[in-house]
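S.K.: Got a predicted structure plus its sequence, pasted below:
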Amino acid sequence: MTDIVSITSEGGEAFFRHYYSYLDTSRQNLKHLYHEESKVVWNGNSLHGRTNVERFLTDLPSSTHKPYSLDCQPIAPQAAAGQESADPMILVSVMGSVQFGSIEASPPPPSKAFCQSFVLGKDAATGSYFIVTDNYRFVAD
C-alpha cells in the first residue's frame with residue numbers, strides 16, 4: 001500500500017510540472033486547474049474565481065519561470081474545513097526566479113525571485129485535484 005506522503009509528493013510534483021509549463025507556454029490551459037471557488041493572491045492582488053484568475057494571468061506579460069525548490073505536504077482532511085473526502089489536500093510550496101518579457105531581448109529582462117504556495121483540493125465530482133488557494137509573492141532583494 002502506498003503511503004499518503006508518497007501520494008502527496010507524486011501528485012504535487014505532477015501538478016508542479018504542469019502548472020509552470022502552462023504558465024510559461026500555454027496559459028489558456030491554466031483555467032482547468034482553477035474552480036469558481038479558487039482564491040488567488042498574486043503579489044498583493046486578490047482574485048476570486050476561475051474567470052477572474054484566467055483574465056489576470058492572461059494579461060501578464062510572457063514569462064520564464066525557473067523553480068529551484070519544491071516541497072509537497074499532505075493536509076489532513078479533518079483539518080480542512082468543508083472537506084468531505086478522505087483524500088488529503090496538498091500544500092505545494094515553490095521558490096524560484098522569473099523573468100517577465102522575452103528572454104531573447106537585448107538586454108534580457110531582469111530576474112526576480114518568487115515564492116508560491118498552493119493548496120490543492122480534490123473535486124468530488126471529477127476526482128481531479130484543483131487549486132483551492134494560490135499565493136504568489138516576489139521576494140525582495
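M.R.: Alright, I've got the coordinates.
S.K.: Which residue is the nearest non-sequential neighbour of the residue nearest the centre of the chain?
M.R.: By Cα atoms, centre = their mean, the mean C-alpha position of the chain lies nearest to Phe118, the distance being 5.0 Å. Leaving out its chain neighbours, the residue that sits closest to Phe118 by Cβ to Cβ, 6 or more residues apart in numbering is Val92, at 4.3 Å. All C-beta spots, glycine's among them, are computed from the backbone N, C-alpha and C.
S.K.: what's across from the one you found in the sheet?
M.R.: Taking DSSP bridges as the rule, Val92 bridges to Cys72, Phe118.
S.K.: right, and His35 touches Asp123 too?
M.R.: Yes - here His35 reaches Asp123: they are 7.2 Å apart, a contact under Cβ atoms under 8 Å.
S.K.: Which neighbours do those two have in common?
M.R.: Applying Cβ atoms under 8 Å, 6 or more residues apart in numbering, one finds that His35 and Asp123 are jointly contacted by Phe130.
S.K.: higher neighbour count, the two?
M.R.: More crowded of His35 and Asp123, by other Cβ atoms under 10 Å: His35, with 16 against 11.
S.K.: which residues does that one contact?
M.R.: Counting by Cβ under 8 Å, 6+ apart, His35 has contacts 49-50, 123, 130-132.
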